[in-house]
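Novice: Build me a model:
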Amino acid sequence: MKISGGKAVVDVMAKEGVKKVFCVPGESYLGVMDALYEHPEISLISARHEGGASFMAEGYAKASGEVGVCMATRGVGASNLAIGIHTASQDSTPLVALIGQVERPFKEKEAFQEVNLVGMFSHLCKWTVEIDRAERIPELLHRAFHIARSGRPGPVLVALPHDMLEDTVEMIEFPVFQSQPPRPNKANVQQALEMIQNAERPFLIAGGGVIRSQAVPLLVKFAENLQIPVVTAFRRYDAFPNSHPCYAGWLGFGTPKYLLDEIDNADLVIALGTRFSQVGTQDYTLLSGKGKLIHVDISEDVFGKVYSPSLAIASDAKAFLEEALNGEIFTPSSYEDSRVEKIHNEYMIFSNAKKDYTEDFVDMDGLLYDIVSELPKDTIITNDAGNFFGWLSRYYRFDRENTYIGPTSGAMGYGLPAAIGAKLAKPHQTVVSFSGDGGFMMTLQEIETAVRYDIPVISIVVNNNLYGTIRTHQEKHFPDRVIGTELTNPNFAELARIFGAYGEKIEKNSDFVPALQRAISSGRPAVIEVVTNPKILSVGQDKTKINLLYSK
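Specialist: Next up, the predicted model:
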């Protein structure tokens, strides 16, 4: 039986197990949208901006463990979609972006909204392809899904010419195929164990590969058996339970000096499923070169890109841990008995939230004390980029797997749409996004999406009327020369109510917990705006030197 190209696209998605697709509708791929009408098992989530749709798909992929799917129209829609594709690339998130394209006879004529999509996205994606013959849709689209989720996961872009989607042809069925993740060489694993057991001050860095392969329980057992301190890579907080006695802390902005010194003095570092980001390595200065490095990663391409390993093992993180735990593991007698305990205790002191309340503004230390106390332990946290996040990263302890979703790309506007995607993947868990006023303003239109589809996420908006991160850098590098970082904002709580969501504005700490409880019990999308002191820009800042009566 002959079917249209649009129907073939949707049939492939159905075979691949796709349940949610995020988009802004576009005429160039109406054939796909029409075919979705007859596939009620696939929900189409129509967003208010392509950037929001791409963040939703990326957040959904992280929360569900499946491939995220987003769609947009040709040049203009694809350009807006790029921010989420870049985030998926830096975060190793499996994503398939389906982009409508100009009609095949009109190519190379600067047609309406024409862009060379394959060329434009080739450096952002694992693979880019334009399907110019409808009969090749099953072959190439199944391949797109395979590439997105295999090896080091990432985004794939598929361009779909408008007229091709309307062609009707005989389709050849292709199976869904998934390659097995690479397993390590047993001799290499044994060598790694011997290196660890001969080390006196080993350290393990756990990255996104641990989360993606669902290897956290195995890593806990591995760390316990070897009594090795574990630090989580930049924005991979839930790669190891933070309250566990072997947890040492996290890498990124604001990593405490005690931890940097400990890693610098390590005689062996085991990097498990991480690519050594610029932020996590403190601008690539973290490892001094005094110690040895074992690098275990699913992709051989990361070896030597930042640091040259003494031993490189191409393996899925879970497969490496399974093989290691099959061997003979013992705690070396050369270890200092108190080392792991000492490092963990320093983290626990560093991450202990303070119950500091004020009446003039919301004190962020006190806010995090309440958040830690009140949120369910399986709450999924998403966030934008911004200085406000320093409080969350320092004081919130992620003790459950798959409870953190954040952009290592540092994308602003990510928090709310990613929360929407995560809530659709995990509808029975509380999902809370954190944003500054600058980032929230970039995608706040997605409140309407949450209301329209009845997706009860809670957005906490930290409002200091500033682009706070840039203001911090500005005051450090160009003091007394403020430009471009001051903002004015609407009443975000009132705006939420206008959209049909629940909204409250909080100006002192004592009002926050009741507001949070009301937001959760409302069962609706909710916005809690918290007004903070614009003179306090960073966590750990000496508040005694700040005039807390700063004029509002």
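
Novice: how close does Asn489 sit to Ser435?
Specialist: From Asn489 across to Ser435, the span is 12 Å (Cβ to Cβ, to the nearest Å). Every C-beta, even on glycine, is put in place using the N, C-alpha and C of the backbone.

Novice: which of those two has more neighbours?
Specialist: Taking neighbours as other Cβ atoms under 10 Å, Asn489 and Ser435 compare with Ser435 leading, 31 against 17.

Novice: Was I right to think that one contacts Val461?
Specialist: Yes. The pair Ser435 / Val461 is scored as a contact, 5.4 Å apart, by Cβ atoms under 8 Å.

Novice: what pairs with Asn383 across the strands?
Specialist: Here Asn383 sits in beta bridges with Phe434, going by DSSP bridges.

Novice: Tell me which stretches of the stretch 401-550 of the chain form helices.
Specialist: With DSSP state H, counting those that start in this stretch, the ranges of helices along the stretch 401-550 of the chain come out as 415-425, 437-443, 446-452, 468-477, 492-499, 512-522.

Novice: Mind checking the ones you listed for the one nearest to Glu41?
Specialist: Proximity to Glu41 (Cβ to Cβ) singles out helix 415-425 among the helices of the stretch 401-550 of the chain, at 14.1 Å.

Novice: Restricting to C-alpha, output the closest one in PDB.
Specialist: This file holds the C-alpha atoms of helix 415-425, laid out as PDB (Å, rounded to 0.1, in the frame of the first residue of the first chain):
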ATOM      1  CA  GLY A 415      14.300  26.000  33.300                       C
ATOM      2  CA  LEU A 416      10.600  26.300  32.600                       C
ATOM      3  CA  PRO A 417      10.400  24.400  29.200                       C
ATOM      4  CA  ALA A 418      12.700  21.700  30.500                       C
ATOM      5  CA  ALA A 419      10.500  21.300  33.500                       C
ATOM      6  CA  ILE A 420       7.500  20.900  31.200                       C
ATOM      7  CA  GLY A 421       9.300  18.100  29.300                       C
ATOM      8  CA  ALA A 422      10.400  16.400  32.500                       C
ATOM      9  CA  LYS A 423       6.900  16.500  34.000                       C
ATOM     10  CA  LEU A 424       5.500  14.900  30.900                       C
ATOM     11  CA  ALA A 425       8.100  12.100  31.200                       C
END
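
Novice: Next, the buried residues of it.
Specialist: By neighbour count on 16 or more other Cβ atoms under 10 Å, the buried set for helix 415-425 is 415-425.

Novice: just to revisit the earlier point, which of the helices of the stretch 401-550 of the chain has the lowest average pLDDT?
Specialist: Lowest mean pLDDT within these: helix 468-477, at a mean of 83.

Novice: ok, and for it, which residues are buried?
Specialist: Neighbour-count burial for helix 468-477, counted by 16+ other Cβ under 10 Å, picks out 468-469, 471-472, 474.

Novice: Ala324: which of these is nearest?
Specialist: Checking those one by one against Ala324 (Cβ to Cβ), the nearest turns out to be Thr469, at 39.6 Å.

Novice: Distance-wise, check the closest residue to the closest one other than its chain neighbours relative to Met364.
Specialist: Distance criterion Cβ to Cβ, 6 or more residues apart in numbering; nearest residue to Thr469, sequence neighbours excluded, is Asn387 at 4.8 Å. Distance of Asn387 to Met364, given as Cβ to Cβ: 10 Å.

Novice: Tell me where the model's unsure across this protein.
Specialist: Counting by pLDDT under 70, the chain has low-confidence residues at 328-337, 547-552.

Novice: 50 instead?
Specialist: The model of the chain has pLDDT under 50 over residues 548-552.

Novice: what residue lies at the spatial centre of it?
Specialist: The residue lying closest to the centre of the chain (Cα atoms, centre = their mean) is Gly406, at 3.3 Å.

Novice: tell me the contacts of it?
Specialist: Applying Cβ atoms under 8 Å, 6 or more residues apart in numbering, one finds that Gly406 lies in contact with 235, 381-383, 389, 414, 418.

Novice: Verify the stated contact: the residue nearest to Thr469 with Phe434.
Specialist: No. Between Asn387 and Phe434 there is no contact under Cβ under 8 Å: 11.6 Å.

Novice: Quick check: chain neighbours aside, which residue is closest to Asp167?
Specialist: Ala134 (4.1 Å).

Novice: How many residues are close by the one you found?
Specialist: Neighbour count for Ala134, taken as other Cβ under 10 Å: 27.

Novice: is it true that it touches Val169?
Specialist: Yes. Counting by Cβ under 8 Å, Val169 is a contact partner of Ala134 at 4.8 Å.

Novice: Could you tell me which residues touch both of the two?
Specialist: Common contacts of Ala134 and Val169, defined by Cβ under 8 Å, 6+ apart, comprise Gly5.

Novice: Nearest residue to Ser373 in space, please, no chain neighbours.
Specialist: Distances taken as Cβ to Cβ, 6+ apart put Val513 closest to Ser373, at 8.0 Å, once the chain neighbours are dropped.

Novice: burial of the one you found, as a residue count?
Specialist: Val513 has 16 nearby residues by other Cβ under 10 Å.

Novice: Equivalent analysis for Ile520, please.
Specialist: Using other Cβ under 10 Å, Ile520 is surrounded by 18 other residues.

Novice: Tell me how far it lies from Ala422.
Specialist: According to Cβ to Cβ, Ile520 stands 16 Å off from Ala422.

Novice: next one: Ser243
Specialist: 22 Å.

Novice: pretty sure the residue nearest to Ser373 is in contact with Glu374, am I right?
Specialist: Yes. Contact between Val513 and Glu374 holds when scored by Cβ under 8 Å: they sit 5.9 Å apart.

Novice: From the contact counts, what lies against the longest helix along the chain?
Specialist: The longest helix of the chain (DSSP state H) is helix 75-91. For helix 75-91, the packing partners by 3 or more Cβ pairs under 8 Å, 6 or more residues apart in numbering; DSSP states H and E come out as helix 50-64, strand 68-72, strand 95-101, helix 117-121, strand 155-161.
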